[in-house]
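> I'll drop the sequence and a predicted model, then ask my questions.
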Amino acid sequence: MSVWVVLAVIVAALVGFFVGRAVTRAPAREQRRDHAPSSGEGPHRRLTDKLLDLDTIKVDDIMIPRNEIASIDISDDWDTIIDTLRTTPHTRLPVCENNLDNIIGILHMKKVAHALARSDLTRDRLLELAREREGYFVPEGTTLSAQLLNFQRDRRRIALVVDEYGDIRGLVTLEDILEEIVGDFTSAPGALHQDIHREPDGSYVINGAISIRVLNRTLGWDLPTDGPRTLNGLILEYLETIPQPGTGLKLGDLSVEILQTAENSVKTARVRPIGQQEAPASKGVA
């Protein structure tokens, strides 16, 4: 089943749920609490809640932050560009000149692969391919329900999120929104996000750029989501300074140790629920 078929099904469900809501969200939630589902309705209820939440979650809640966006800078050395094109795991890449605020277009890697196979990929040809699909921009604050419908209407799958001044703040994809809806159902039980690594002592080494929402969903934590969007942002807001490696702090019921910093941000941190004991060290032979 294509992603557009899945999208159509979800959009139809969204329309049905949103139009069916009387005046406010609260009565619908109260009604679901008053009529507890049978044992076989658990997943359906969770999916319903996910759909209803799409008009409160915004694109900037789930977007890839600007400094994490994979892109091609046409002004880079040609060998660097070719290396990026050959190794990227993405099917679409923004192409810019000098910086992300100067977007040329969105490059589809299928077209690049064809050009590489024919050995006729040049800088000029790359620019032609990028300009075939202009950049697609959405304002920060757009709800996921609205953006899901926008993606369907405009037949797009990737959007650059901009602030009120037109500066790019991040990137959001159709797959990001679908993951927000069905991620809990498609992920293998116990599987961790690629930016979360469980250590033998029970702690987690975590990429500072990871979304707070992803952290909460993956590990069952309750970090605040009404402020900074990433773990790095949450740490910097708490400390009000760029920390040095080895700095420790407490975030709610979590103990955090800074492991790596670079470019004025926290790159990795070790996080452990407070009260969780470390695994005992191995004893040597007396």
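Arrived safely, thanks for sending.
> how about the strands in the stretch 51-200 of the chain?
For the stretch 51-200 of the chain, the strands defined by DSSP state E, counting those that start in this stretch occupy 64-65, 72-73, 92-97, 99-108, 137-139, 158-162, 168-173, 196-198.
> Please identify which of these is closest to Pro224.
With CB to CB as the criterion, Pro224 lies closest to strand 64-65 of those, at 17.4 Å. For glycine as for every other residue, the C-beta is placed from the backbone atoms N, C-alpha and C.
> Neighbouring strands of the closest one in the sheet, and parallel or not?
Its sheet considered, strand 64-65 pairs with strand 168-173 (antiparallel) by DSSP bridges.
> Now do the same for the partner strand: mean pLDDT, whole number.
Computed over strand 168-173, the mean pLDDT rounds to 94.
> chain center to it, what's the gap?
9 Å (CA atoms, centre = their mean, to the nearest Å).
> and it with strand 158-162, angle?
Inter-element angle recorded for strand 168-173 and strand 158-162: 150 degrees (by axes from the mean of the first three to the mean of the last three CA atoms, to 10 degrees).
> Quick check: buried residues in strand 168-173?
Within strand 168-173, the residues that count as buried by 16 or more other CB atoms under 10 Å are 168-173.
> What of stretch 118-125?
Residues of stretch 118-125 classed as buried under the neighbour-count rule (16+ other CB under 10 Å) are Leu121.
> Now do that stretch: everything it contacts.
Residues outside stretch 118-125 that contact it (CB atoms under 8 Å, 6 or more residues apart in numbering): 74, 78, 81-82, 112, 115.
> Quick check: mean pLDDT of it?
The pLDDT scores in stretch 118-125 average 92.
> again with stretch 145-157
Stretch 145-157 shows a mean pLDDT of 93.
> Can you show me the CA trace of it as CSV?
Taking Å, rounded to 0.1, in the frame of the first residue of the first chain, the C-alpha atoms of stretch 145-157 are listed here in CSV:
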residue,chain,number,x,y,z
SER,A,145,-3.5,18.4,11.2
ALA,A,146,-3.2,21.4,8.9
GLN,A,147,0.2,20.3,7.5
LEU,A,148,-1.0,16.8,6.9
LEU,A,149,-3.8,18.2,4.7
ASN,A,150,-1.3,20.7,3.1
PHE,A,151,1.0,17.9,2.1
GLN,A,152,-1.8,16.0,0.5
ARG,A,153,-3.2,19.1,-1.3
ASP,A,154,0.2,20.2,-2.6
ARG,A,155,1.5,16.7,-3.3
ARG,A,156,4.6,17.3,-1.3
ARG,A,157,6.5,15.2,1.3
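> Please tabulate the buried residues of strand 168-173 in JSON lines, including the columns distance to Cys96.
Below are those laid out as JSON lines (distance: CB to CB, whole Å):
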{"residue": "Ile168", "distance to Cys96": "9"}
{"residue": "Arg169", "distance to Cys96": "15"}
{"residue": "Gly170", "distance to Cys96": "14"}
{"residue": "Leu171", "distance to Cys96": "12"}
{"residue": "Val172", "distance to Cys96": "17"}
{"residue": "Thr173", "distance to Cys96": "17"}
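> what's the closest of these to Ile212?
When those are ranked by distance to Ile212 (CB to CB), Gly170 comes first, at 13.9 Å.
> how about the closest residue to that closest one other than its chain neighbours, what does it touch?
The shortest distance from Gly170 to any non-neighbouring residue, by CB to CB, 6 or more residues apart in numbering, is to Met63 (3.4 Å). Going by CB under 8 Å, 6+ apart, Met63 touches 161, 169-172, 176, 229.
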